[in-house]
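[1] Sequence first, predicted model second:
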Amino acid sequence: MDNVRKIPQHVAIIMDGNGRWAKKRGLPRTMGHAQGARVVEQILEDADHMGIRYLTVYAFSTENWTRPDSEVKALMNLLRTYMKTSLAKCAKNNVRIRVIGDKSRLDEDLQASIAHLEHETRTNTGISFQIAINYGSRDEMVRGIRKIAAKAAAGQISPEQIDEEMFSDSLDTAGLPDPDLLIRTCGEERISNFLMWQIAYSELYFTPVAWPDFNKAELEKAVDAYNSRERRFGGLVN
Ligand code: FPP
């Protein structure tokens, strides 16, 4: 039993360090993001092969709008390209895509591509891939509370009925299991407004490796660390 690696069901990743990776190579930051996007696709496949069932990545935060226009545009274009080009791959690999975050601020064509990809992949039963775009945990919680408050104001529910399950169901991640493991790359040890409700009991793993250098071996290291902690705590201390 000791040799059997337990695979986390849901892994969430804060993909940090694209800019530093590019700077180190004398490249524009956008090249770091482009390489980062290639790594996302590879890690999705690797995670799937390892038996991870849910992968959630932080692609664009509610705070990222303050970056220079050219960088915001480049990131949006990467996401646009991903939404437009990944359908065949998702069909082949049985991947289900969901975007979490407030989509209403995104360009309409991007919103349409997201809706199309989510719809076309909704019955796929393989790995479930969540991409956080214009996502912030506080914003997600406020939007969730508004939905619940509207129901209460309309007399459909009473305040006493509001519980953790109802709140979880009001979030963008409704229906998904909470992450077992959260990975953040490139050295910072912060949560940065990502899945704050959902990671209440997750293992946190920080690595100095920049996202564009992240690979299957690094993912395996993170899973190994998750396993050693599981063993240490015997799964009893949450
Ligand atoms: C953080 O690095 C990374 C981001 C803000 C963007 C992450 C987005 C991608 C990897 C592309 C997503 C694509 C798909 C297909 C989902 P940083 O720019 O903050 O790096 P720095 O801290 O070194 O400056």
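    Yep, that arrived. Numbers count the residues shown, from 1 in each chain.

[2] what does this structure put close to the ligand?
    Within reach of the ligand by CB under 6 Å from any ligand atom, the chain has these residues: 15-20, 33, 36-37, 40, 57, 59, 64, 75, 78-79, 82, 131, 211. Glycine gets a C-beta too; all of them are placed from N, C-alpha and C.

[3] make it 8 Å
    Contact residues (CB under 8 Å from any ligand atom) of the chain with the ligand: 14-23, 29, 32-33, 36-37, 39-41, 57-61, 64, 67, 71, 75, 78-79, 81-82, 86, 131, 186, 188, 210-212.

[4] May I see the PyMOL selection of the buried members of the residues you listed?
    Buried subset of the residues of the chain next to the ligand, written as a PyMOL selection, criterion 16 or more other CB atoms under 10 Å:
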select buried, resi 14+15+16+17+18+19+20+21+22+29+32+33+36+37+39+40+57+58+59+60+61+64+67+71+75+78+79+82+86+131+186+210+211+212
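
[5] Stretch 181-190: which residues count as buried?
    So stretch 181-190, judged by 16+ other CB under 10 Å, has buried residues 181, 182, 183, 184, 185, 186.

[6] repeat for stretch 37-57
    Neighbour-count burial for stretch 37-57, counted by 16+ other CB under 10 Å, picks out 37, 39-40, 43-44, 46-48, 50, 52-57.

[7] Check stretch 82-96 too.
    82, 83, 86, 87, 90, 93, 95, 96.

[8] Check whether the second one really touches residue 115, as I assumed.
    No: counting by CB atoms under 8 Å, residue 83 does not reach residue 115; the two are 9.4 Å apart.

[9] Check which helix or strand the nearest residue to residue 29 once chain neighbours are set aside maps to.
    Nearest residue to residue 29, sequence neighbours excluded (CB to CB, 6 or more residues apart in numbering): residue 19, at 4.4 Å. In this assignment (DSSP states H and E), residue 19 forms part of helix 18-24.

[10] Quick check: mean pLDDT of that helix?
    Mean pLDDT, helix 18-24: 98.

[11] Can you name every helix or strand that that helix contacts?
    Identification of packing neighbours for helix 18-24 by 3 or more CB pairs under 8 Å, 6 or more residues apart in numbering; DSSP states H and E yields helix 29-50.

[12] what's the farthest-apart pair in the buried residues of stretch 37-57?
    37 and 53 (22.5 Å; CB to CB).

[13] Which stretches in the protein count as helices?
    Under the criterion DSSP state H, the chain carries helices at the ranges 18-24, 29-50, 69-85, 87-93, 108-121, 137-153, 164-169, 216-233.

[14] I appreciate the help and will end here.
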